[in-house]
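Asker: Here's a sequence, model it:
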Amino acid sequence: AKERGDSEATMASAAAKQPSKNATKGSAGAGGGAAAGGAAVPLASPLMGGLNKKKKPFLGMPAPLGYVPGLGRGATGFTTRSDIGPARDANDPVDDRHAPPGKRTVGDQMKKNQDDDDEDLNDTNYDEFNGYAGSLFSSGPYEKDDEEADAIYAALDKRMDERRKERRELREKEEIEKYRMERPKIQQQFSDLKRKLAEVTEEEWLSIPDVGDARNKRQRNPRYEKLTPVPDSFFAKHLQTGDNHTTVDPRQGQFGGLNTPFPGGLNTPYPGGMTPGAGELDMRKIGQARNTLMDMRLSQVSDSVSGQTVVDPKGYLTDLNSMIPTHGGDISDIKKARLLLKSVRETNPHHPPAWIASARLEEVTGKLQVARNLIMKGTEMCPKSEDVWLEAARLQPGDTAKAVVAQAVRHLPQSVRIYIRAAELETDIRAKKRVLRKALENVSKSVRLWKTAVELEEPEDARIMLSRAVECCPTSVELWLALARLETYENARRVLNKARENIPTDRHIWITAAKLEEANGNTQMVEKIIDRAITSLRANGVEINREQWIQDAEECDKAGSVATCQAVIRAVIGIGIEEEDCKHTWMEDAESCVAHNALECARAIYAHALQVFPSKKSVWLRAAYFEKSHGTRESLEALLQRAVAHCPKAEVLWLMGAKSKWLAGDVPAARSILALAFQANPNSEEIWLAAVKLESENNEYERARKLLAKARSSAPTARVSVPCKNSTKQDRGFSVLVVEARVLLQVFMKSVKLEWVLGNIAAAQELCSEALKHYEDFPKLWMMKGQIEEQSENMDKAREAYNQGLKKCPHSMPLWLLLSRLEERVGQLTRARAILEKSRLKNPQTPELWLESVRLEYRAGLKNISNTLMAKALQECPSSGILWAEAVFLEARPQRKTKSVDALKKCEHDPHVLLAVAKLFWSERKITKAREWFLRTVKIEPDLGDAWAFFYKFELQHGTEEQQEEVKKRCENAEPRHGELWCTESKHILNWQKKIGEILVLVAVKIKNTF
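Answerer: You can find the predicted model right below:
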């Protein structure tokens, strides 16, 4: 007790914030704990107020986080039963009546909590880097400072993750692609077979045999429960199975027995348990009831708006879906809408949209008769509403709709829409005419009624009706123009004059008048009419819209009124355009007309532009190209004659005229044009070369030699390097010198080739050596020299020429290829391989060199090495079409389709890849698809001769003669100049005089279907 009193006195003194010593002693000397405690508090209270002169700063402030009072001096506190509740036995049920099994007693829950608190610290749950799988401190309290620390660490992790995110994602993507390339999925390996499933027809699919099953018969064919509908005869037969017999055999009655005359006894009409109310089952009545129900449903469905049945007798069960309401909402929404519309109708019964909306709601929900009743009531409440009457006519079946329309006409005799609806309801033409004529008696000002009535009449009756129509509707342009079309020439002129008087602001009347004059041969009036139209419309305040007039001109062009079209173009082409924008705008207008297939409009625009800009070379060129594409040879030559008269210094115009004459077979006229061109341009090397080509193509070799010699002597002979096309030097003298040097180079090349093809090898070699003295940096001269030596079987000299050329031109791909093929031809395969490797080192990322390396190994029979080289080539040049096209056919046949898909992903619009896909379909005998891909290829790149050759070969095997000729004609128009196979034949010295069509045939013959 003494110790307890001391403890409580100490606590009281701490709470009183150090009271006086007397109070402390008195408190300590108390005998009983309770008495001492009670005496200490009232004594300390007044003293504390007097002695506490300075208040502590922490008083009144909230305790810090995690503060436990008395913890520092060992007063850890204690817990009583009132804090934790009464003690409970482990077998006592828990408070939750719906606890799951395993948690229904206090002991179960305590065991569960103990298991959750235990940490799995086994060695199998330990990782050297991450530690234990669980948290070692999960059982500890999660305080605010822990949450702040976790947030800081999470922010740091997020920041560091963002810094490395792009690099990490890029690296992961590359690693995944590399892994997928090395180890493709089973799904990717069978992707080509899966794609073929799209081509399997239903018959082929059904004809596929089932996979064999190793299970026994009972396992393969388990007996499922089968439900079979029982026929009515079964019920009738077995109805009396459990009853007693109530009749006697007829033979017993014949030979005596129980057959009495009185109809009682056992032979009563209601024998025992067979009373109708108990066990009789009348199948006939059930069938009648079923038929009655079916008839009701059929009649309900067949009652449609138009009066026509909508039930398919063969598919009744399918058509029963039409009875299901097709509204978008649920039943509650429909009820709300119905109540809302009912409120609207009752509030304002003369509001037509409320009745229409109510009827359509019932129609959508399938209650057609309710909708009809509502709309008919609406006609009573709103008899002057046109929409309500039309809705009623729409909902009612045929004859009833006619009666509704008749009633509507009585209420609204001036409604055009009701008359039109009445005419639509009539099925007989005479009845329609009668309705429309009756309508015109009441509403004679309606253009719509007149047009509808005229469409039903014959031409003569229509002309009479239109005469009356324009009197009633004098402001309708359509009626005036329709009447003018039906009248004779003189009457049509009068009609159009009256139309202009009544409608002075419409341009279509003037244009129709011009077309009328042109159709009757009076073309000199067309220009005057169009000019008067522009003047009159402006006088009446009409704005001349240039685009609208050009559209009218295009319509005249398509209708065949050429003079009217040209007159309209000339009249409006310059309206609203600034002078400095004229040329650009007119060229765009001409291209737009060509795109709209209005060629005469485009020709008229070009003619007007040439009148305004007679000295513009670009306008003459555009007009010439237009005539070349869409005109005749005579129109092109006439235009070129005018062009060279206005632009005599334009060499291309002279050359186009000479070529046109030459293609037409008029060689003397071509010579005369070139002679005139020489007079206008005495030092033009282009004209020199054109004259040489003309003479050489026409076997005038001596004249060609003389022209070339004269050109070489007149041109400068200074040794200058031929710059690239992207040269940026702007010095005028340097540019002129470069151009002249280039032309002299062309002259030398023409001279060498002429002697080469004519068989003068010595002269060709001499000219080639002379040219190389001036132009040693030009690779084509070295190529020609090497090929000439190679043709003469001088392999060493050819090798020397190629090597010298590569020293001067190390970036010339054809030179490397020629040298490699030369070594391969003489059997030096290793040297050829070394040359190609050296070329790839000096010219990295060059698809042509990689392709030649792959083909070299393939021709040598080393297919594995060729596949390896192809993989390296595709890594270095992933977007090269020629490499992907070759890679497709390096694969085995099952993998080609997959490879072609990959090629299309990398090079979607590359002509070589498209050509490879076309060849792939060709090899699989998919003719239609192959033709589509061939057409796509030549459309994307018409200059690729190989595509035309393969296309022509394809049509030779699978196409008709018309298709073959069409391909050949399109190829001749395209004039292709590139392609590996094409250049091999077109640049061969034996084919130097062959035309495009002949070269096409030669290349097609050389193509073998080995792919």
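Asker: if I look at Met530, how far off is Ala563?
Answerer: Just so we're on the same page, residue 530 is Ile rather than Met. When distances are taken as CB to CB, to the nearest Å, Ile530 and Ala563 turn out to be 10 Å apart. Yep, even glycine has a C-beta here, placed from its N, CA and C like the rest.
Asker: try Asp506
Answerer: Spatial separation of Asp506 from Ala563 under the definition CB to CB is 21 Å.
Asker: How about Pro814?
Answerer: From Pro814 across to Ala563, the span is 56 Å (CB to CB).
Asker: of those two, who's got more company?
Answerer: Ranked by neighbour count (other CB atoms under 10 Å), Pro814 and Ala563 place Ala563 first, with 21 against 16.
Asker: Spell out which residues are contacts of both of Ile530 and Ala563.
Answerer: Shared between the contact lists of Ile530 and Ala563 (criterion: CB atoms under 8 Å, 6 or more residues apart in numbering) are residues Ala514.
Asker: name the element Ala638 belongs to?
Answerer: For Ala638, the enclosing helix or strand under DSSP states H and E is helix 633-646.
Asker: The helix or strand immediately after that helix in the chain vs helix 633-646, what angle?
Answerer: Elements were assigned by DSSP H and E; along the chain past helix 633-646, the next helix or strand is helix 651-663. The directions of helix 651-663 and helix 633-646 differ by 150 degrees, with axes from the mean of the first three to the mean of the last three CA atoms, to 10 degrees as the criterion.
Asker: Return the distance of the helix or strand where Arg622 lies from the chain's centre.
Answerer: Per DSSP H and E, Arg622 falls inside helix 617-630. Its chain's average C-alpha position is 36 Å from that of helix 617-630, according to CA atoms, centre = their mean, to the nearest Å.
Asker: Quick one: residues in contact with that helix.
Answerer: With CB under 8 Å, 6+ apart, helix 617-630 has contacts from 583, 587, 590, 594, 599, 602-603, 606-607, 609-610, 613, 635-636, 639-640, 643, 646-647, 650, 652-653, 656.
Asker: What is the neighbour count of Ala149?
Answerer: Neighbourhood size, Ala149 [other CB under 10 Å]: 11.
Asker: Tell me where the stretch 401-550 of the chain has helices.
Answerer: In chain order, the stretch 401-550 of the chain shows helices spanning 416-425, 429-442, 447-455, 459-472, 477-486, 489-502, 507-519, 524-539, 546-559, with DSSP state H, counting those that start in this stretch as the criterion.
Asker: Deepest-packed of those, please.
Answerer: For the helices of the stretch 401-550 of the chain, the largest average neighbour count (mean count of other CB atoms under 10 Å) is found in helix 507-519, namely a mean of 22.
Asker: So for that one, mean pLDDT?
Answerer: Per-residue pLDDT values over helix 507-519 give a mean of 84.
Asker: quick revisit: export the helices of the stretch 401-550 of the chain to a markdown table and append columns for distance to Lys693.
Answerer: Output for these, formatted as a markdown table (distance: least, CB to CB, whole Å):
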| stretch | distance to Lys693 |
| --- | --- |
| helix 416-425 | 72 |
| helix 429-442 | 72 |
| helix 447-455 | 64 |
| helix 459-472 | 63 |
| helix 477-486 | 57 |
| helix 489-502 | 56 |
| helix 507-519 | 46 |
| helix 524-539 | 45 |
| helix 546-559 | 39 |
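Asker: so where is the stretch 201-350 of the chain shaky, pLDDT-wise?
Answerer: Low-confidence segments of the stretch 201-350 of the chain (pLDDT under 70): 210-227, 232, 234-284, 297-332.
Asker: again but with the stretch 701-850 of the chain, I slipped
Answerer: Counting by pLDDT under 70, the low-confidence segments of the stretch 701-850 of the chain come to 711-712, 714-744.
Asker: could you redo the last one with a cut-off of 80?
Answerer: 701-751, 754, 757-758 (pLDDT under 80).
Asker: now the most centrally placed residue in the chain: how far from Lys616?
Answerer: Most central residue of the chain, judged by C-alpha distance to the mean C-alpha position with CA atoms, centre = their mean, is Glu908 at 14.9 Å. Applying CB to CB, one obtains 40 Å for the distance of Glu908 from Lys616.
Asker: do Ala598 as well
Answerer: According to CB to CB, Ala598 stands 23 Å off from Lys616.
Asker: Val594 now?
Answerer: Between Val594 and Lys616 the distance is 19 Å, computed by CB to CB.
Asker: From what I see, Cys473 and Val443 are in contact.
Answerer: No: Cys473 lies out of contact with Val443 (CB atoms under 8 Å); the separation is 10.9 Å.
Asker: These two: who's more crowded?
Answerer: Taking neighbours as other CB under 10 Å, Cys473 and Val443 compare with Cys473 leading, 20 against 17.
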